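Asks: Take this sequence and fold it.
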Amino acid sequence: MKTTRNTTAKTTILEIIKNSEVALSHTEIQALSQNICDRVTIYRVLDRLVTEDVIHKIVNLDGTIKYASCHHLHDTAPHCHNHIHFSCEKCHLVTCLEHVEPTFDLPPNYQVNEVNFTLSGLCPNCL
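Replies: Below is the predicted model of the structure:
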């Protein structure tokens, strides 16, 4: 059985991400963490949570990396983050559209290992 190390910083950062309805950047997480740890520790915790498959990374259209919580149980569902993300051009929020899977036809002899699919436009709040 795999064991993970839980620290105050890890617990706090994970709660911030889990309680957010949108994906958060490192800067946003740092602002919400109320100085519980320094920026380097936040990067390390985020990397560890990604490695542990508890959260996933989203590269926004402007190159900003955002982090979102996995909203499925790893024990009961196949682990897949290949869903669509929506980036609002007005409020800049990034939302996981977990029930919308991207579809595409690849030429023969190609294998997809990971998908980073981001749609851009206006979210319902900004329409």
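Asks: Quick one: low-confidence residue ranges for this structure.
Replies: 1-5, 71-81 (pLDDT under 70).
Asks: Counting residues, which helix of it comes out longest?
Replies: The longest helix of the chain (DSSP state H) is helix 39-51.
Asks: Beyond that one, next helix or strand please.
Replies: strand 55-59 (DSSP states H and E).
Asks: ok, and for the helix or strand that that next one is followed by, which residues are buried?
Replies: Heading C-terminal from strand 55-59, the first helix or strand you meet, by DSSP H and E, is strand 65-69. Residues 66-69 are the ones in strand 65-69 that count as buried (16 or more other Cβ atoms under 10 Å). No exception for glycine: its C-beta is placed from N, CA and C like everyone else's.
Asks: before we move on, what about stretch 120-127?
Replies: residue 123.
Asks: Identify all contacting residues around it.
Replies: With contact meaning Cβ atoms under 8 Å, 6 or more residues apart in numbering, stretch 120-127 is reached by 61, 86-91, 93, 95.
Asks: List just the nearest of the residues you listed to residue 32.
Replies: Ranked by distance to residue 32 (Cβ to Cβ), these are led by residue 93 at 14.3 Å.
Asks: Skipping adjacent residues, who's closest to the closest one in space?
Replies: In this structure, residue 93 finds its nearest non-sequential neighbour in residue 22, 4.4 Å apart by Cβ to Cβ, 6 or more residues apart in numbering.
Asks: and that neighbour, what does it touch?
Replies: 68, 93-95.
Asks: Widest-spaced pair of those?
Replies: Taking Cβ to Cβ, the two most distant members of these are 68 and 93; they sit 11.2 Å apart.
Asks: what residues are shared contacts of the two?
Replies: Residues within reach of residue 68 and of residue 93 at once, by Cβ under 8 Å, 6+ apart, are 22-23.
Asks: How far off centre is stretch 86-103?
Replies: Its chain's C-alpha centre and that of stretch 86-103 lie 11 Å apart, by Cα atoms, centre = their mean, to the nearest Å.
Asks: For it, buried residues please.
Replies: Within stretch 86-103, the residues that qualify as buried are 86-88, 92-96, counting by 16+ other Cβ under 10 Å.
Asks: same deal with stretch 15-30?
Replies: Of all the residues in stretch 15-30, those buried under the rule 16+ other Cβ under 10 Å are 16-17, 20, 22-25, 28-30.
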